[in-house]
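J.: turn this into a structure:
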Amino acid sequence: MKAFPSLESPDVGSCNLFQSFLNNCLNSVVELTADKGDIFLEGLLVNGWLSKLAFLCGHVEKPVAVWAFNTMLYSSKEELHNSSSEFWCAILSSEKEVDQALVKIDWFPEYMDLRRALDSYGFLFKFSSSAEPNNLDSDIEGPPQNIRAWIRFVSACCLIRSKKAIFSTVEAEEIVEIIICLFLDRQFQGLLVLLNDCMEVIVNYFTDQEWCSSCENVAKFIACRVSKDLNCIRTIECISEASSRCKQLRSAVAYQTLLSCFDGVYSGEEILRSLTEINFKDNSCDFYRMYINLVLTENWVLSNSLIEDNPVIYEMFSLYLRHCSTLISATNLRSYASKVRHRASYLLHFSIYK
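T.: Take a look at the predicted model:
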């Protein structure tokens, strides 16, 4: 992890919320002073009163918003950054009327504020299957504590697009790429449910007009960076099939990865033609590579509902599966030969002819 960046230090003592308590006649009992603004807000935050006061006033002042955001992403105290995350999620999800926020927020973070936090956590845009942690200079094992709050905050921001478009299209695309990258980091195995929920909401952040091109952009970005080994299968499988957009993204990533695996191939038909022309009896036949291509092709074809309306692609895929399931001998003991044959047979009987 890197040293945390120099942050704007909000003057919470000057905000109306703090001043109203400071000037209250009961302050003689609690003896609240102007230099105790942070401690005062921490108490309100942890006990849930900060969000209640925000709803009561219908307003979050800039010093409070900046303080709560920085506390969420950089506080080393678990209770504080969790409470800050809950505060932001509650404020963002509130609605007065349809598509109208209940609470006015004077300050809102920009995408670069979120990106800067990731950099501070030691995040690297690295699509690697290595189990070694990226933050090798840190004594902390596992993911940074604040990353959970970061993911929850991003999810909450995506859910309020109808009220406020927080991220640009390019920024939202990068968030999808970041979430996939986090999926591949073995340190984040305990956060898979949280990451999956974030993936679901971020792909739905795009408008229908934006999604088609953004899906392709993300797929191309990932395909040209992920290693062409079993890790590219992990990349595909970390994208759930719970929604139509996730399926479309899964299919697009598989397709773009396949294109990058074959030189001089520029279409789906050319990919399948190259696969069906493989000579399984050739001693140079690489069944490991064939297994990877089979899984990629399976996800490209079967995760895309539009391909079902393309009889040429569907028939060529069926032919490819028949070749894999019948032309590879059961006595072939070469590595991955049986895996290719068994997977193709299963797909042929339970996915194609179901």
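J.: which helix in this protein runs the most residues?
T.: Assignment by DSSP state H gives helix 244-261 as the longest helix of the chain.
J.: and that one, what does it pack onto?
T.: Judged by 3 or more CB pairs under 8 Å, 6 or more residues apart in numbering; DSSP states H and E, helix 244-261 is in contact with helix 192-203, helix 208-223, helix 230-237, helix 268-276, helix 287-302. Where you see a C-beta, it was placed from the backbone N, CA and C, and this is true even at glycine.
J.: chain center to the third one, what's the gap?
T.: Taking the mean of its C-alpha atoms, helix 230-237 sits 15 Å from the chain's own mean (CA atoms, centre = their mean, to the nearest Å).
J.: and it, what does it pack against?
T.: helix 169-184, helix 244-261, helix 287-302.
J.: what residues of the longest one count as buried?
T.: Going back to what we said before, that points to helix 244-261. 245-261 (16 or more other CB atoms under 10 Å).
J.: so where's the chain uncertain?
T.: Low-confidence segments of the chain (pLDDT under 70): 1-9, 22, 24-37, 95-101, 125-142, 352-354.
J.: look up how far Leu53 lies from the residue nearest the centre of it.
T.: In the chain, the C-alpha closest to the average C-alpha coordinate belongs to Ile179, at a distance of 2.4 Å (CA atoms, centre = their mean). Applying CB to CB, to the nearest Å, the value for Ile179 to Leu53 is 33 Å.
J.: re earlier: what comes into contact with the longest helix of the chain?
T.: Applying CB atoms under 8 Å, 6 or more residues apart in numbering, the contact partners of helix 244-261 are 176, 199-200, 203-204, 211, 215-216, 218-220, 222-224, 226, 228, 232, 235-236, 239-241, 265-266, 268, 271, 292-293, 296-301, 303-305, 307.
J.: only the C-alpha atoms, please, for it, written as CSV.
T.: Below are the C-alpha coordinates for helix 244-261, written out as CSV (Å, rounded to 0.1, in the frame of the first residue of the first chain):
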residue,chain,number,x,y,z
SER,A,244,-29.0,-10.3,-19.8
ARG,A,245,-26.3,-7.6,-19.8
CYS,A,246,-23.9,-9.7,-17.8
LYS,A,247,-24.4,-12.5,-20.2
GLN,A,248,-23.8,-10.2,-23.1
LEU,A,249,-20.6,-9.0,-21.5
ARG,A,250,-19.5,-12.5,-20.8
SER,A,251,-20.1,-13.5,-24.5
ALA,A,252,-18.3,-10.3,-25.7
VAL,A,253,-15.2,-10.9,-23.6
ALA,A,254,-15.0,-14.6,-24.8
TYR,A,255,-15.4,-13.5,-28.4
GLN,A,256,-12.8,-10.8,-28.3
THR,A,257,-10.4,-13.2,-26.5
LEU,A,258,-10.9,-15.8,-29.2
LEU,A,259,-10.2,-13.2,-31.9
SER,A,260,-6.9,-12.3,-30.1
CYS,A,261,-6.0,-16.1,-30.1
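J.: run the angle between that helix and helix 192-203 for me.
T.: With axes from the mean of the first three to the mean of the last three CA atoms, to 10 degrees defining the directions, helix 244-261 sits at 90 degrees from helix 192-203.
J.: helix 244-261 versus helix 208-223: what angle between them?
T.: Going by the same axes, to 10 degrees, helix 244-261 makes 40 degrees with helix 208-223.
J.: show me the contacts for Thr235.
T.: Per CB under 8 Å, 6+ apart, neighbours of Thr235: Phe127, Ile180, Phe183, Leu184, Ile222, Val226, Val253, Thr257.
J.: mind putting the residues you listed into a markdown table with distance to Gly43?
T.: Shown next, in a markdown table, are the contacts of Thr235 (distance: CB to CB, whole Å):
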| residue | distance to Gly43 |
| --- | --- |
| Phe127 | 43 |
| Ile180 | 39 |
| Phe183 | 37 |
| Leu184 | 40 |
| Ile222 | 45 |
| Val226 | 47 |
| Val253 | 47 |
| Thr257 | 51 |
